[in-house]
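In: Prediction below, plus the sequence it came from.
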Amino acid sequence: MSTQISTNQQTLSIPATSTLAQNLAAFAFGAIVLFAVGFLPMSAAHNAAHDTRHTLAFPCH
Amino acid sequence: MVFRRIIFNAVFIGLAAGLLLSLIQVIGVSPIIFEAETFEVVEEAPAAAAHDHHGVEESSGHHHDAEAWAPEDGAERTLYTVASNVLAGIGFASVVLALMSQLQLQGITQVNVQKGLLWGLAGFAVFFVAPGIGLPPEIPGTEAAVIENRQLWWLFAVVCAAIGLAVMAFAPIKLKILGALSIALPYIVGAPHVDGPEFAHPDPAAVASLTELHFQFIMASGIANLIFWIVLGIACAWALNLWVHKDIDAHVSSAA
């Protein structure tokens, strides 16, 4: 896909679409983790993260 | 490669910021939650006696399911809180690093430690102040609207504030008014609230204590979040240039 990567070790030229996909994936990973900590409705998840939810001002109870 | 580096750095930043938040929380925030919960227990007792564990709290959608697992008060509860704080830190750091990375690769911004401080303040504004204006941080025992409605409005406020701040920071000057509109929109729509008293506790003295605790809690959680976000923003900016974009030239890739 990109021939520039293998030839130049100093500065890697990465297609913008490739980094966009990777940044989007990292963003999605963060959003999923935050959903689990702050929003997951399961009682056990709520109880485990209870004090964190209150402190970070996520809606709780 | 960028994905792997973001996650790797986010784990370490989340660990550091989450542990710092836990320290502040143990000293200044959790004691307020625990004290508010003593009123919650008092509130529950007569209702439980009256008709089998369904009382005043039913209206707020808060159920103490007898079978639901909960950590034991004390060390176990603190441990789960610390773990949750670290996870939240990892989540926030991933989101911030992903946004920083994309904007920098597109040549929209060149992040440095000073700008990292601004990113941290923006994170505090987006995730704490913006939703908090409509739905202030709550202590246990507060009467509030249905949880799903509040979560939806919270998300709406956060997204609008993030878009608004991004537009005001990075868009051309004539578009900046749209950023202000985006920030204002959630308050024009209005946050979901219940009619009636803030605390359902029957004793006016307890309500006065809870009101005072609530004020203390907003201050304490505000300070905790501000420190958490400043550390997170600066650490993300530092890690982005040192690790995530190591050997990646922003100009080359933005031209590609």
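Out: Received the coordinates, thanks.

In: which helices and strands does the biggest helix by length in chain A pack with?
Out: Ranked by residue count, the top helix of chain A under DSSP state H comes out as helix A:16-38. Helix A:16-38 is packed against helix A:50-55, helix B:2-24, helix B:75-105, helix B:250-255, with contacts defined by 3 or more C-beta pairs under 8 Å, 6 or more residues apart in numbering or on different chains; DSSP states H and E. The C-beta positions use only the backbone N, C-alpha and C, and glycine is treated the same way.

In: how far off helix B:2-24 does that helix point, in degrees?
Out: Interaxial angle, helix A:16-38 versus helix B:2-24 (axes from the mean of the first three to the mean of the last three C-alpha atoms, to 10 degrees): 30 degrees.

In: about what we covered before: looking at the helices and strands packed on helix A:16-38, which one is packed in the most?
Out: Counting by mean count of other C-beta atoms under 10 Å in any protein chain shown, helix A:50-55 has the highest mean neighbour count of the helices and strands packed on helix A:16-38, with a mean of 25.

In: helices and strands around it, which ones?
Out: helix A:16-38, helix B:30-51, helix B:75-105, helix B:204-239.

In: Can you tell me which of those helices is most buried?
Out: Across those, averaging neighbours per residue (mean count of other C-beta under 10 Å) puts helix B:75-105 on top, at a mean of 23.

In: As TSV, the helices and strands packed on helix A:16-38 with distance to B:Glu198 would be great.
Out: Formatted as TSV, the helices and strands packed on helix A:16-38 follow (distance: least, C-beta to C-beta, whole Å):
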stretch	distance to B:Glu198
helix A:50-55	16
helix B:2-24	26
helix B:75-105	25
helix B:250-255	50
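
In: In chain B, where is pLDDT below threshold?
Out: B:41-66, B:249-256 (pLDDT under 70).

In: By proximity to chain A, which residue of it wins?
Out: As assessed by C-beta to the nearest C-beta, chain A sits closest to B:Ser94 within chain B, at 3.0 Å.

In: check contacts around the closest residue to that residue other than its chain neighbours.
Out: Among residues not flanking B:Ser94 along the chain, A:Gly30 sits closest, at 3.0 Å (C-beta to C-beta, 6 or more residues apart in numbering or on different chains). A:Gly30 is in contact with B:10, B:90-96, B:98, counting by C-beta atoms under 8 Å, 6 or more residues apart in numbering or on different chains.

In: repeat that with 6 Å
Out: B:91, B:94-95 (C-beta atoms under 6 Å, 6 or more residues apart in numbering or on different chains).

In: just B:Ala239 next, same as before
Out: Residues in contact with B:Ala239 (C-beta under 6 Å, 6+ apart) are B:Asn9.

In: let's see it at 8 Å
Out: B:9, B:12-13, B:97.

In: Equivalent analysis for B:Lys115, please.
Out: B:109, B:237.

In: Helix or strand for it, just tell me which one.
Out: Using DSSP states H and E, B:Lys115 sits within helix B:113-124.

In: Now that helix: buried residues?
Out: B:115-116, B:118-124 (16 or more other C-beta atoms under 10 Å in any protein chain shown).

In: what's the following helix or strand after the longest helix of chain A?
Out: Assigned by DSSP H and E, the successor of helix A:16-38 is helix A:43-48.

In: What are the contacting residues of that following helix?
Out: A:36, A:40, A:53, A:60, B:63, B:65, B:68-71, B:80, B:83-84.

In: Need the CA coordinates for it. CSV is fine.
Out: C-alpha atoms of helix A:43-48 as CSV (Å, rounded to 0.1, in the frame of the first residue of the first chain):
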residue,chain,number,x,y,z
SER,A,43,-26.3,-3.5,39.2
ALA,A,44,-22.9,-5.1,39.8
ALA,A,45,-21.2,-2.6,37.5
HIS,A,46,-23.1,0.3,39.1
ASN,A,47,-22.1,-0.8,42.6
ALA,A,48,-18.4,-1.4,41.7
